[in-house]
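> Return a 3D structure for these sequence lines:
(one chain, ligands or ions: 2)
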Amino acid sequence: MIVKVLNKSPFPLPEYKTPYSAGMDLKAYIDDAIVLKPLDRVLVPTGLFLSIPKGYEGQIRGRSGLALKHGITLANGIGTIDSDYRGEIKIILINLGKEPFTINNGDRIAQLVLIKHEWIDFDLVGSLDETDRGEGGFGHTGV
Ligand SMILES: O=c1ccn([C@H]2C[C@H](O)[C@@H](COP(=O)(O)OP(=O)(O)OP(=O)(O)O)O2)c(=O)[nH]1
Ligand SMILES: [Mg+2]
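Ligands and ions are numbered 1, 2, ... in the order given. Model (predicted):
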């Protein structure tokens, strides 16, 4: 699938690092290094602007190495890039670690995955079909 991209950063376009990688790493495009203190969050620009085909969304996901080693993750869980969004892709990082973490220009701070999605119409009803599970959830089958 082809995705149109504007690249206002000096970095090459993101790429898949292995033949079957689902995500492309995204780099911070910042003038000055950012020191992110524990529990602080920051909006980090990438210099990238996308035009995602209709029926797809971009997902911004964290990088497991940063999360495991430094507690650096996304404050919004998974970022949603709507296909009609034409602004800059930005990444909302939060430091859940115990030490300040420095983000330098060009650091790979998150990854982008393209996902197909549906649009739904609601059918407003008075009751739902029955299932064995019913309303059971949140651990009702045990731990
Ligand atoms: O991690 C993110 C999440 C969102 N966005 C951009 C693309 C997305 O299409 C737009 C809006 O995101 P979202 O719908 O998650 O935010 P909102 O708070 O609902 O803002 P809006 O009212 O603009 O939809 O912001 C990013 O660049 N990075
Ligand atoms: Mg929104």
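> Any idea how far apart the tips of stretch 10-24 sit?
Length of stretch 10-24, first residue to last, CA to CA, to the nearest Å: 17 Å.
> Quickly check: it near ligand 1 or not.
No. Shown here: stretch 10-24 not in contact with ligand 1 (CB under 6 Å from any ligand atom), separated by at least 13.8 Å. Bear in mind the C-beta positions are built from the backbone N, C-alpha and C, glycine included.
> Any figure for the gap between Pro42 and Ile94?
Careful, residue 42 is Val and not Pro. Counting by CB to CB, to the nearest Å, the gap between Val42 and Ile94 amounts to 8 Å.
> Would you mind listing the residues touching both of the two?
Leu36 (CB atoms under 8 Å, 6 or more residues apart in numbering).
> Quick check: which element contains the most centrally placed residue in the chain?
By CA atoms, centre = their mean, the chain has its centre lying nearest to Ile60, at 1.5 Å. Using DSSP states H and E, Ile60 falls within strand 56-61.
> How about that strand and ligand 1, any contact?
Yes. Counting by CB under 6 Å from any ligand atom, contacts between strand 56-61 and ligand 1 involve Ile60.
> Show me what that strand is packed up against.
Applying 3 or more CB pairs under 8 Å, 6 or more residues apart in numbering; DSSP states H and E, one finds that strand 56-61 contacts strand 79-81, strand 88-95, strand 108-116.
> where's the last one relative to the chain centroid, distance-wise?
Strand 108-116 sits 6 Å away from the centroid of its parent chain (CA atoms, centre = their mean, to the nearest Å).
> What of stretch 16-34?
The chain centre lies 11 Å from the centre of stretch 16-34; the measure is CA atoms, centre = their mean.
> What's the end-to-end length of that stretch?
The straight-line separation of the ends of stretch 16-34 (CA to CA) is 26 Å.
> Kind regards, and thank you for your time.
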